[in-house]
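Asker: give me a 3D structure for the following:
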Amino acid sequence: MAKKSILNKKSLDFLETYLNNAAPTGYEWEGQKIWMKYLEPYVDEFITDTYGTAVGVINPKAKYKVVIEGHADEISWYVNYISDNGLIYVIRNGGSDHQIAPSKLVNIHTKNGIVKGVFGWPAIHTRDKAKEETPKPDNITIDVGAKNKAEVEKMDIHVGCVITYPDEFHVLNGDKFVCRALDNRMGGFMIAEVARLLKENKKTLPFGLYITNSVQEEIGLRGAEMITQTIKPNVAIVTDVTHDTTTPMIDMKKEGHLELGLGPVIAYAPAVQQKLRDLITDTAEKNKIPFQRSALSRATGTDTDAFAYSNGGVASALISLPLRYMHTTVEMVHRDDVENVIKLIYETLLKIEDGETFSYFK
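Answerer: Numbers count the residues shown, from 1 in each chain. Below you'll find the model as predicted:
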């Protein structure tokens, strides 16, 4: 008998709409509006801040506060220089991968809407085979079909315009979700689904739950740094993506063995509060939720670090979604893993008690 999915048509329609909308770092607010509209029936109120982080709150008057968090932004490019012959040079906004740029269609965001362009590349026939250049940030350019700088500027393109890829949501082989920006639009989706399940299953929590969609993670965890000071949580459970390490050119001895379809990845790192992490692994085992483990040296590189080291120390943990081809336009995750991250966060919340300190000294 096929197992019952916790995702429904409304969920998947929201996911597709949410992914297909561009939300580059620093420009997340239209995506946040989509996310908030979906979340609205499941929360009591919203908090938003100056830079665009959005938080749905359940039990806002409770003193004890638990955060579940993802980040809303996606990597992109900025227009950096327009040459006299009308070619556009770019700089990164986040960790954009120069190697995948050649031959990609792009959307340049201007005050009057989207202008299409392409990352061009010299034809194979014209390149010197003995010393072929690889794509680099200083040799990739965008062509918008203009013959000179004046024509580019006439399209309302200027230095500082943000550039995204238009690639949209697909499902491969029935159970693989593929899109740009699964890092970490999936996080926002999964925490919203946790809120939906709590409401639909009529669960009452003994604490305030802050469903947090932070901005500006891709340039240094900045949104989380800001919102943790506003919320001042007691606990933070962060979800982000991590690498499936089974594809070519990844060294498992360095990156560990993580794989699509084998479950959420629970992080081991100094920023992860051990007792909170033990509660998560125990919850997974009791509920027969498959999971994987990952060891992270020094920092997790996720918003976990921002929450953990704020407000005198916040008990924090990281539950990651395995993903292939990070920071490309064909990021891939397994539907089963998505559902199991949602279940694991949901079941863990039901185990957290009001006032729990997770102290090592009790």
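
Asker: in the stretch 1-150 of the chain, which spans are strands?
Answerer: Using DSSP state E, counting those that start in this stretch, the strands of the stretch 1-150 of the chain run over 45-48, 54-58, 65-71, 76-82, 87-93, 105-110, 113-119, 141-143.

Asker: ok, which of these comes nearest Asn234?
Answerer: Among the strands of the stretch 1-150 of the chain, strand 65-71 comes nearest to Asn234, with 5.4 Å by CB to CB. Every residue, glycine included, has its C-beta placed from N, CA and C.

Asker: ok, the closest one: who's next to it in the sheet?
Answerer: Paired with strand 65-71 in the same sheet, following DSSP bridges, are strand 208-214 (parallel), strand 235-243 (parallel).

Asker: winner for burial among those strands?
Answerer: By mean neighbour count, with neighbours taken as mean count of other CB atoms under 10 Å, strand 208-214 ranks first of the strands paired with strand 65-71 at a mean of 28.

Asker: could you identify the helix or strand that succeeds that one?
Answerer: Heading C-terminal from strand 208-214, the first helix or strand you meet, by DSSP states H and E, is helix 222-231.

Asker: if we can go back for a sec, make CSV out of the strands of the stretch 1-150 of the chain and add distance to Ile157.
Answerer: Formatted as CSV, the strands of the stretch 1-150 of the chain follow (distance: least, CB to CB, whole Å):
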stretch, distance to Ile157
strand 45-48, 30
strand 54-58, 29
strand 65-71, 28
strand 76-82, 6
strand 87-93, 7
strand 105-110, 6
strand 113-119, 6
strand 141-143, 9
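
Asker: next, format these as JSON lines and append distance to Val215, mean neighbour count and mean pLDDT.
Answerer: Output for these, formatted as JSON lines (distance: least, CB to CB, whole Å; neighbours: other CB atoms under 10 Å; pLDDT from 0 to 100):
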{"stretch": "strand 45-48", "distance to Val215": "10", "mean neighbour count": "14", "mean pLDDT": "98"}
{"stretch": "strand 54-58", "distance to Val215": "8", "mean neighbour count": "23", "mean pLDDT": "98"}
{"stretch": "strand 65-71", "distance to Val215": "7", "mean neighbour count": "27", "mean pLDDT": "98"}
{"stretch": "strand 76-82", "distance to Val215": "13", "mean neighbour count": "20", "mean pLDDT": "98"}
{"stretch": "strand 87-93", "distance to Val215": "12", "mean neighbour count": "19", "mean pLDDT": "98"}
{"stretch": "strand 105-110", "distance to Val215": "16", "mean neighbour count": "19", "mean pLDDT": "98"}
{"stretch": "strand 113-119", "distance to Val215": "21", "mean neighbour count": "17", "mean pLDDT": "98"}
{"stretch": "strand 141-143", "distance to Val215": "25", "mean neighbour count": "20", "mean pLDDT": "98"}
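
Asker: of those strands, which is nearest Thr281?
Answerer: Here strand 65-71 is closest among those (CB to CB), at 17.1 Å.

Asker: now do the same contact list for Thr53.
Answerer: By CB atoms under 8 Å, 6 or more residues apart in numbering, the contact list for Thr53 reads 32, 72, 212-215, 223-224, 226-227.

Asker: hang on, the earlier thing: of the strands of the stretch 1-150 of the chain, which is nearest Leu260?
Answerer: strand 65-71 (18.7 Å).

Asker: rewinding a little: among the strands paired with strand 65-71, which is nearest Phe358?
Answerer: Of all the strands paired with strand 65-71, it is strand 235-243 that lies closest to Phe358, at 7.4 Å by CB to CB.

Asker: closest one to Gly120 among the strands paired with strand 65-71?
Answerer: Of all the strands paired with strand 65-71, strand 235-243 comes closest under CB to CB, at 29.9 Å.

Asker: could you look up the next helix or strand downstream of that closest one?
Answerer: Remark: after strand 235-243, the chain's next helix or strand is helix 252-255, criterion DSSP H and E.

Asker: please list the outside residues in contact with that next one.
Answerer: Contact with helix 252-255 is made by 243, 245, as judged by CB under 8 Å, 6+ apart.

Asker: swap in 10 Å and give it another go.
Answerer: Under the contact criterion CB atoms under 10 Å, 6 or more residues apart in numbering, helix 252-255 has outside partners 242-246, 258, 294.

Asker: can you say which of these are buried?
Answerer: 242-245, 258, 294 (16 or more other CB atoms under 10 Å).

Asker: just how off-centre is the helix of greatest length in the chain within its chain?
Answerer: Once the chain is assigned using DSSP state H, the helix that runs over the most residues is helix 182-200. Distance of helix 182-200 from the chain centroid (CA atoms, centre = their mean, to the nearest Å) equals 12 Å.

Asker: could you pull out the buried residues of it?
Answerer: Neighbour counts over helix 182-200 (16+ other CB under 10 Å) mark 182-198 as buried.

Asker: what mean pLDDT does that helix get?
Answerer: For helix 182-200, mean pLDDT rounds to 98.
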